[in-house]
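Peer 1: Okay, structure incoming, though there's no sequence with it:
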């Protein structure tokens, strides 16, 4: 069977030149198909696997067309009415970010999703819809022929809504919104996605996020299910201007993060000074062990990183961004 897989990959490579990494990934995918067939998996389980792969590939193909544009995912209730202040704020936020050349990613439905699409406009909106028996059709502000994918499964939808984006804004909502918010926070906490700003947006007189924060602090943190430092992953805002400022502040000096062996690498917009590096050592001493912080070529700061401490990584990002103030 291995020889047949090698032959098929070779045929594919002959038709379309592939990189070694791509060739090996395709070989692994074909090997998995063979393993599933030999394991005699139930037909219903095979159907789930095939559908999931198909949905993810369709979403990746859509997002790939816009890979040169920064993406913001906006989450919130499908039940938010058009005359709600939250609807108006979301529409204004999406418009403001689209004017800054961001693509807005939404769940494609009504409520906050519709407000996001309307504000950004069809050219700046990507929708990831979900098939449900009672709702939801894609809203009228999404180009359903070019900028929309529709999923059967919530888990594939969440991958599509989170994987391509480098910023997230969450407005009040129900079970789906909470599922999406905690998904993002879990990904950030465990390093399963790149560091990104998460802004919880409400009206100035809204109590939703205050109540949510109370629940997290008194129900989760106080019972030692997570540490209080986890709250550094989110910011709250009560205006469109404040939300835009939080997102832009996150990328004011910080550009990106990578891991090279045992070292973490943060790329900056400006080369740090020795004095700024001293400030970083004082602000986040957790990474100042071993070889400690070092200034590398191409505006990079490196430090010992065990692949686990993503909360302190966020503190590093906050510190380096303070240098841009």
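Peer 2: Looks like it came in fine. Owing to the predicted nature of the structure, the values given are computational and were not obtained by experimental measurement.
Peer 1: Give me the below-cutoff pLDDT ranges for this structure.
Peer 2: 1, 9, 13, 15, 41, 134-136 (pLDDT under 70).
Peer 1: got a list of contacts for the top helix by length along it?
Peer 2: The residue-count maximum for a helix in the chain (DSSP state H) belongs to helix 43-64. For helix 43-64, contacts defined as C-beta atoms under 8 Å, 6 or more residues apart in numbering pick out 36, 41, 71, 126, 128, 147-149, 151-153, 155-157, 159-160, 163-164. (Each C-beta comes from the backbone N, C-alpha and C, glycine too.)
Peer 1: Which positions in stretch 277-293 come out as buried?
Peer 2: Taking 16 or more other C-beta atoms under 10 Å as the neighbour-count basis, stretch 277-293 is seen to contain the buried residues 277, 279, 280, 284, 287, 288, 293.
Peer 1: thinking again about what came up before, what helices or strands is the helix or strand following the longest helix of the chain leaning on?
Peer 2: The C-terminal neighbour of helix 43-64 among helices and strands, as given by DSSP states H and E, is strand 71-75. For strand 71-75, the packing partners by 3 or more C-beta pairs under 8 Å, 6 or more residues apart in numbering; DSSP states H and E come out as helix 85-99, strand 103-106, helix 112-120, helix 154-162, strand 167-170, helix 175-190.
Peer 1: and these as CSV, adding distance to residue 252 and mean neighbour count?
Peer 2: Supplementary listing: the helices and strands packed on strand 71-75 in CSV, determined by distance: least, C-beta to C-beta, whole Å; neighbours: other C-beta atoms under 10 Å:
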stretch, distance to residue 252, mean neighbour count
helix 85-99, 16, 21
strand 103-106, 20, 27
helix 112-120, 23, 28
helix 154-162, 23, 20
strand 167-170, 13, 25
helix 175-190, 19, 17
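Peer 1: nearest to residue 310, of these?
Peer 2: helix 175-190 (6.1 Å; C-beta to C-beta).
Peer 1: that older thread, between the helices and strands packed on strand 71-75, which one is nearest to residue 27?
Peer 2: helix 154-162 (22.9 Å).
Peer 1: Just the angle for that closest one relative to helix 175-190, thanks.
Peer 2: Computed with axes from the mean of the first three to the mean of the last three C-alpha atoms, to 10 degrees, the direction of helix 154-162 lies at 60 degrees from that of helix 175-190.
Peer 1: who touches helix 154-162?
Peer 2: Counting by C-beta under 8 Å, 6+ apart, 52, 55-56, 59, 63, 73, 75, 105, 107, 128, 130, 149, 151, 168, 179-180, 183-184, 187, 193 sit against helix 154-162.
Peer 1: Swap in 6 Å and give it another go.
Peer 2: By C-beta atoms under 6 Å, 6 or more residues apart in numbering, the residues outside helix 154-162 that reach it are 52, 55, 56, 59, 73, 128, 130, 151, 183, 184.
Peer 1: Ok, stretch 236-243 next?
Peer 2: Against stretch 236-243 from outside (C-beta under 6 Å, 6+ apart): 89, 92, 93, 96, 169, 199, 200, 201, 204, 209, 246.
Peer 1: For the closest residue to the second one other than its chain neighbours, give its distance to residue 97.
Peer 2: Translated: residue 92. Closest residue to residue 92 apart from its sequence neighbours, by C-beta to C-beta, 6 or more residues apart in numbering: residue 240 at 4.8 Å. Distance of residue 240 to residue 97, given as C-beta to C-beta, to the nearest Å: 9 Å.
Peer 1: Kindly report the same for residue 300.
Peer 2: Distance from residue 300 to residue 97, by C-beta to C-beta: 28 Å.
Peer 1: buried ones in the longest helix of the chain?
Peer 2: 52, 55, 56, 59, 62, 63.
Peer 1: give me every residue that touches residue 187.
Peer 2: Here residue 187 is in contact with residue 193 (C-beta under 6 Å, 6+ apart).
Peer 1: Tell me how many other residues surround residue 143.
Peer 2: When neighbours are counted by other C-beta atoms under 10 Å, residue 143 registers 15.
Peer 1: what's near enough to touch it?
Peer 2: Residues counted as contacts of residue 143 (C-beta under 6 Å, 6+ apart) are residue 122.
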